[in-house]
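> Predicted model and sequence below, questions to follow.
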Amino acid sequence: MKAKEYSDIKKVLLRKKALLLKTDSDIAKDLQEEIDARHGDSADIAESIHEQDVALFLKTKGQDELRHVEEALERMSSGEYGICAECDEDISKKRLEALPYSIYCVSCQEQLEHKVAS
Ligand SMILES: [Zn+2]
């Protein structure tokens, strides 16, 4: 992969990271406001708990993605970006464009997902 292509993907990753960080703090803020607003209102507690679950889920999901993005940026600065972390094969450019923070090639990713699922 050429340096120019890396720098384009790096821009995408950095933008994604900024967006995720913003989303992360926004969710935390919304959640806190929600809890404050509901405080002492026992009739709404069940609904409130459900909303907290959803917010927490979104937050966790965002943090997961953020971790992947940071990992990809680290690999980029250490020159490992675009190489599968599992089998050392090149990750296809098409895959990196679709999923800029993937650190595994398609077949290793599939194997890992299969391992998690079973
Ligand atoms: Zn691989």
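That came through fine.
> So which residues on the chain come close to the ion?
Counting by CB under 5 Å from the ion, the chain comes close to the ion at C84, E86, C87, C105, C108. Quick note: C-beta positions are derived from backbone N, CA and C, even for glycine.
> who does the longest helix seen in the chain touch, helix- and strand-wise?
Longest helix in the chain by number of residues (criterion: DSSP state H): helix 3-38. If contacts are counted by 3 or more CB pairs under 8 Å, 6 or more residues apart in numbering; DSSP states H and E, helix 3-38 sits against helix 45-77, helix 93-98.
> one more time with 7 Å
helix 45-77 (3 or more CB pairs under 7 Å, 6 or more residues apart in numbering; DSSP states H and E).
> list the buried ones in the helix it packs on?
By 16 or more other CB atoms under 10 Å, the buried positions in helix 45-77 come out as 48, 51, 55, 59, 62, 65-66, 68-69, 72-73, 75-76.
> ok, back up a step: now the longest helix of the chain: buried residues?
Of the residues in helix 3-38, those buried (16+ other CB under 10 Å) are I9, K10, V12, L13, K16, K17, L20, T23, D24, I27, L31, R38.
> ok, now stretch 95-102?
Within stretch 95-102, the residues scored as buried using 16+ other CB under 10 Å are R95, L96, P100, Y101, S102.
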